[in-house]
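Peer 1: sequence and predicted structure, then a few things I'm wondering about:
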Amino acid sequence: MRVADGSGTNRDGQSIAPGDSERLGLGLLSRFVGAVFLVVLAALLLLDRAQSGATRDQARADAGSAALLAQSFVAAHTVLLDRIARIAEREPPADSAAVRAAIDSLVTAAPGVRAAWLADSTGSIWLQVGSSTATRLDSAGEAMDRRRRHRATAGTTFVAVSRDSSRDRRDAGVLVSFTRELRPSGGASLGTAGLLVDADSLRALLARVQPATRRALLVLSGRDTLVQLGAADAGTSRTPVGGSPIVRLPDGGTWRVVTSHAVTSPALRWGLWTFGGLGVLLLAIGLYREQQRALQVAGRSMELERLYSDVKRANQAKSEFLANVSHELRTPLNAIVGFVELLRDGFYGDLSPRQIPPVDRIAASATHLRHLVDQVLDIAKIAAGRLEVHPETIVLRPFVLNVASELESLVSEKGLAFSITVGASLPRVRTDPTHLRQILINLIGNAVKYTPAGTVSVRARLLGGPPDSNVHMTPTRSSIIGADDTSARSLLARAPRSGTWVVLQVVDSGVGIAPSDLERIFDEFEQVNAGPRGDSMQRGTGLGLAISRRLARLLGGDVSVESELGRGSTFTVWLPVNPADLNRERRGVAGAPTDVAPPAGVA
């Protein structure tokens, strides 16, 4: 049964249409649609999460930038307080006018600073610069002093938060207090220096950057709120909230920055889910229909799988049968041929004239049968990959002459002209001589069989060798390509691959082969003009060319054919040549004849 085209019959005798094999891919299509269904659903979820994630990332970035601005705010006023403290540590307290003037110039140049003061070691303020209505500085100093007793270390700057009592309690302003201990290098504590900064300056600084999606921004110091921009529910809103970046203070304390952003494009989000859900629904309907369709062809698919398994097992059994039978047939055939040769040699007595023809017929038939068994065994070995190759370096000229001598009697019987054209300057070839001999015997035997009258010739030439190489060979058309050798270039274009080749051509003037049969003749058991079925010795087996091509490819080359009906055929054997083998031992050979005399008895 042939199943290569997907047609045939099942075990119940029902026909299997050729298109059924193409429907076997519907199961894969159904799985593909299901995968697309899952991918679309996952894409919708990922897009939705990506929108929320983008908003959260924007909130985090906003909170981070606000934290950097707040950190710069703290750093700037810490530097200002350090400069005031250095002035107080450098100038004696008695010279308060000079200290006041220096500190007043610094406070005036710093926006947002409400007041600055200096206090002695008892906490009493002895110098105040700035607005007198800012707050009661002695109360602030007492608060700073209490905090100092708990956390003070030399050179530490303290930050505290208080309400501006000068304003209405319903809108009490927030003042940020910076305090630093006055301690000259290596000396005892002289007191404290302090700054009162209006938090509105920090609010103005943070308001410079206002993303469109921000709902609120808070700067928190513990439970106190220093700055609030936007809505009051930033910390409790369900919209994505940024992280809480930390602003580190000089005294070791921290502020937290919290931002709240609204999700962008809610209409886009709803549209995405609407159209995405509709697409998923359509895919689900398509998946259901494809599944139903796949169920209809599932039975046929299983039947085809069983047929394939049967054919595979049958093909394997055929190969094993051919190999085993061929191997077992060789033993009795060798015995038949051996005993026939003993009869012909007179080992059992001289044969009478009437006995000689039957014995010759038996010998020819046994030889033909042994040749057939050898061919079947070779095909089985090649198919199983068990045919071994034993490469050797050979000289083509004597090798081809030796093969031609074996076929001398066959050529003489048909009265054909036989010529051999093998250049002595050809490089040596590394190949398996046994397999190459079998290829040449098959090709020359076919040429003789299908040439009723005319000539059979064997030619050899080198193709692909550069004319300026170091190989000393006769620059003839049979050795290398000449500058005007059009036929050689045309032949080289049909080489199996690029490289250097020695080609052996078997040319005959026989019946020829139709173009439609040029590839079919290399198939197993295929013949053209095979003759009547009853004349098996003349008909042949249809294995010679199949074996020859497979052996040539096993040797790294190939066998090709050119033919024309009524004009003869040309079979070309391609043998690869290693570039290192081109530097032959025989150098300086010039003018060596390329046309050699054929074996004795061959015209």
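Peer 2: On my side now, so go ahead.
Peer 1: give the helix, strand or coil label for residue 208.
Peer 2: Classification of residue 208 by DSSP: H, G, I helix; E, B strand; the rest coil places it in coil.
Peer 1: oh, I was asking about residue 250
Peer 2: Residue 250 is classified as coil under three-state DSSP.
Peer 1: what are the ranges of the helices in the stretch 51-200 of the chain?
Peer 2: 96-109, 137-151, 199-206 (DSSP state H, counting those that start in this stretch).
Peer 1: least reliable of those by average pLDDT, please.
Peer 2: When those are compared by mean pLDDT, helix 137-151 comes last with a mean of 46.
Peer 1: count of residues packed around the nearest residue to residue 455 once chain neighbours are set aside?
Peer 2: For residue 455, ignoring the flanking residues on the chain, the nearest one in space by C-beta to C-beta, 6 or more residues apart in numbering is residue 417 at 4.1 Å. C-beta here means a position set from N, CA and C on the backbone, and glycine is covered the same way. Applying other C-beta atoms under 10 Å, we find 15 other residues in the vicinity of residue 417.
Peer 1: how close does residue 417 sit to residue 454?
Peer 2: For residue 417, the distance to residue 454 (C-beta to C-beta, to the nearest Å) stands at 7 Å.
Peer 1: residue ranges with poor pLDDT in the stretch 351-500 of the chain?
Peer 2: 465-485 (pLDDT under 70).
Peer 1: as a check, name the ranges of all helices in it.
Peer 2: 356-384, 396-406, 408-414, 433-449, 486-492.
Peer 1: quick one, domains of the chain?
Peer 2: 49-261, 299-387, 389-596 (automatic domain parsing).
Peer 1: for the helices of the stretch 351-500 of the chain, which one ends up most surrounded?
Peer 2: Burial of the helices of the stretch 351-500 of the chain is given as mean neighbour count (mean count of other C-beta atoms under 10 Å); helix 433-449 ranks first at a mean of 21.
Peer 1: export that helix to CSV, keeping only CA atoms.
Peer 2: Extracted in CSV, the C-alpha atoms of helix 433-449 (Å, rounded to 0.1, in the frame of the first residue of the first chain):
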residue,chain,number,x,y,z
PRO,A,433,38.5,0.5,-4.3
THR,A,434,36.0,-2.3,-3.7
HIS,A,435,33.0,0.1,-3.8
LEU,A,436,34.5,2.1,-6.8
ARG,A,437,35.1,-1.2,-8.7
GLN,A,438,31.4,-2.2,-8.1
ILE,A,439,30.2,1.2,-9.4
LEU,A,440,32.3,1.0,-12.6
ILE,A,441,31.2,-2.6,-13.2
ASN,A,442,27.6,-1.7,-12.8
LEU,A,443,27.8,1.4,-15.1
ILE,A,444,29.9,-0.3,-17.8
GLY,A,445,27.7,-3.4,-17.7
ASN,A,446,24.6,-1.3,-18.2
ALA,A,447,26.3,0.5,-21.1
VAL,A,448,27.1,-2.7,-22.8
LYS,A,449,23.6,-4.2,-22.1
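Peer 1: would you check that residue 192 makes contact with residue 183?
Peer 2: No. With contact defined as C-beta atoms under 8 Å, residue 192 does not count as touching residue 183 (9.8 Å).
Peer 1: more neighbours: which of the two?
Peer 2: For residue 192 versus residue 183, the count of surrounding residues by other C-beta under 10 Å is larger for residue 192: 25 against 17.
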